[in-house]
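> Could you work out the structure for the sequence below:
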Amino acid sequence: MIRRGGPETAEACRREAAQLLETFPPETLLAMLPDLDRRYIEENLSPGGCADLLALTLALHFGR
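As a prediction, the model looks like this:
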(Lines give C-alpha, C1' and ligand atoms only; values in the text may rest on other atoms or scores of the structure.)
Protein backbone atom coordinates (compact mmCIF):
# COMPACT_ATOMS: atom_id res chain seq x y z
CA MET A 1 0.00 0.00 0.00
CA ILE A 2 2.72 2.47 0.95
CA ARG A 3 4.78 1.88 -2.18
CA ARG A 4 1.88 2.25 -4.59
CA GLY A 5 -0.39 4.72 -2.80
CA GLY A 6 1.84 6.49 -0.31
CA PRO A 7 1.67 6.59 3.48
CA GLU A 8 -1.56 8.60 3.57
CA THR A 9 -3.40 6.11 1.37
CA ALA A 10 -2.06 3.17 3.38
CA GLU A 11 -3.24 4.77 6.61
CA ALA A 12 -6.67 5.56 5.14
CA CYS A 13 -7.05 1.94 4.02
CA ARG A 14 -5.97 0.72 7.46
CA ARG A 15 -8.57 2.94 9.14
CA GLU A 16 -11.23 1.78 6.69
CA ALA A 17 -10.41 -1.87 7.36
CA ALA A 18 -10.53 -1.33 11.13
CA GLN A 19 -13.91 0.38 10.83
CA LEU A 20 -15.27 -2.43 8.67
CA LEU A 21 -14.09 -5.04 11.19
CA GLU A 22 -15.77 -3.14 14.03
CA THR A 23 -19.01 -2.56 12.13
CA PHE A 24 -19.87 -5.74 10.25
CA PRO A 25 -20.07 -9.44 11.13
CA PRO A 26 -17.68 -11.81 9.32
CA GLU A 27 -20.36 -13.06 6.91
CA THR A 28 -21.07 -9.54 5.71
CA LEU A 29 -17.37 -8.75 5.42
CA LEU A 30 -16.84 -11.78 3.20
CA ALA A 31 -19.56 -10.52 0.88
CA MET A 32 -17.93 -7.07 0.79
CA LEU A 33 -14.41 -8.28 -0.09
CA PRO A 34 -14.92 -8.58 -3.88
CA ASP A 35 -15.97 -4.91 -4.10
CA LEU A 36 -13.03 -3.82 -1.96
CA ASP A 37 -10.70 -5.93 -4.09
CA ARG A 38 -12.03 -4.35 -7.30
CA ARG A 39 -11.53 -0.87 -5.84
CA TYR A 40 -7.94 -1.64 -4.87
CA ILE A 41 -7.26 -3.03 -8.35
CA GLU A 42 -8.74 0.09 -9.98
CA GLU A 43 -6.56 2.29 -7.75
CA ASN A 44 -3.51 0.05 -8.39
CA LEU A 45 -3.18 -0.71 -4.68
CA SER A 46 -1.93 -3.92 -3.15
CA PRO A 47 -2.32 -4.76 0.53
CA GLY A 48 0.64 -7.12 0.29
CA GLY A 49 1.25 -10.80 0.12
CA CYS A 50 0.48 -13.94 2.02
CA ALA A 51 0.98 -12.53 5.51
CA ASP A 52 -1.67 -9.87 4.96
CA LEU A 53 -4.10 -12.39 3.52
CA LEU A 54 -3.51 -14.71 6.47
CA ALA A 55 -4.13 -11.88 8.93
CA LEU A 56 -7.39 -10.97 7.19
CA THR A 57 -8.50 -14.60 7.11
CA LEU A 58 -7.81 -15.06 10.81
CA ALA A 59 -9.57 -11.80 11.70
CA LEU A 60 -12.66 -12.89 9.78
CA HIS A 61 -12.56 -16.42 11.14
CA PHE A 62 -12.29 -15.39 14.78
CA GLY A 63 -14.71 -12.48 14.39
CA ARG A 64 -12.21 -9.92 15.67
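> can you give me the helices for this protein?
2-23, 26-42, 50-61 (DSSP state H).
> In a markdown table, list these along with mean pLDDT and mean neighbour count.
No exception for glycine: its C-beta is placed from N, CA and C like everyone else's. A markdown table is the format used below for the helices of the chain (pLDDT from 0 to 100; neighbours: other C-beta atoms under 10 Å):
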| stretch | mean pLDDT | mean neighbour count |
| --- | --- | --- |
| helix 2-23 | 89 | 12 |
| helix 26-42 | 89 | 12 |
| helix 50-61 | 78 | 11 |
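> Return the residues in contact with residue 26.
Contacts for residue 26 (C-beta atoms under 8 Å, 6 or more residues apart in numbering) come out as 60, 61, 63.
> go on, residue 57?
Counted by C-beta under 8 Å, 6+ apart, residue 57 has zero contacts.
> so, if you compare the contacts of residue 26, which one comes nearest to residue 30?
The nearest member of the contacts of residue 26 to residue 30, counting by C-beta to C-beta, is residue 60 at 6.4 Å.
> Tell me who's in contact with that closest one.
So residue 60 contacts 26, 29, 30 (C-beta under 8 Å, 6+ apart).
> Closest to residue 7 out of these?
Using C-beta to C-beta, the contacts of residue 60 come closest to residue 7 at residue 29, 25.0 Å.
> Surely that closest one touches residue 21?
Yes - with contacts counted by C-beta atoms under 8 Å, residue 29 reaches residue 21, the gap being 7.2 Å.
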